[in-house]
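Chemist: need a structure here:
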Amino acid sequence: MNKDTKLALERLLDVAHRDSGQSKKVANFLLAWWNAEICGGFDLTDLWGLDTELCTDALRVFLHIATVNAYPDTLGYGPQFERLVADWRPHLIKSTAG
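Modeler: Numbering: from 1, shown residues only. Next up is the predicted model:
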């Protein structure tokens, strides 16, 4: 992952770990990469609710996803994505723990 993509992903993760309208949309985008079947897909119209900088970051990460064929945990981002699941899809953790 090049430096610009890494910075874009880290900005997206930072926003996704907050509690705002943009946070939910960014989390949905990232979780669709983590596991779309379980965590849900990404509605492209959610991009309408993101500012230009976040859209640019999402585009950069999207291009990376398309060309590298790797999940975020294989790139060293497993803990950050596990936290996203805990924050935004807690029912998934409860269903696997019980």
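Chemist: spatially nearest residue to the residue nearest the centre of the chain (excluding sequence neighbours)?
Modeler: Within the chain, one residue has its C-alpha closest to the average C-alpha position: by Cα atoms, centre = their mean, that is residue 30, at 1.5 Å. Nearest residue to residue 30 in three dimensions, chain neighbours excluded: residue 16, at 5.6 Å (Cβ to Cβ, 6 or more residues apart in numbering). All C-beta spots, glycine's among them, are computed from the backbone N, C-alpha and C.
Chemist: does the residue nearest to the centre of the chain touch residue 81 like I think?
Modeler: Yes: using Cβ atoms under 8 Å, residue 30 and residue 81 qualify as a contacting pair, with a distance of 6.9 Å.
Chemist: list residues touching both of those two?
Modeler: Taking Cβ atoms under 8 Å, 6 or more residues apart in numbering as the contact definition, residue 30 and residue 81 share the neighbouring residues residue 72.
Chemist: how about the contacts made by residue 68?
Modeler: Residues near residue 68 by Cβ under 8 Å, 6+ apart: 1, 75.
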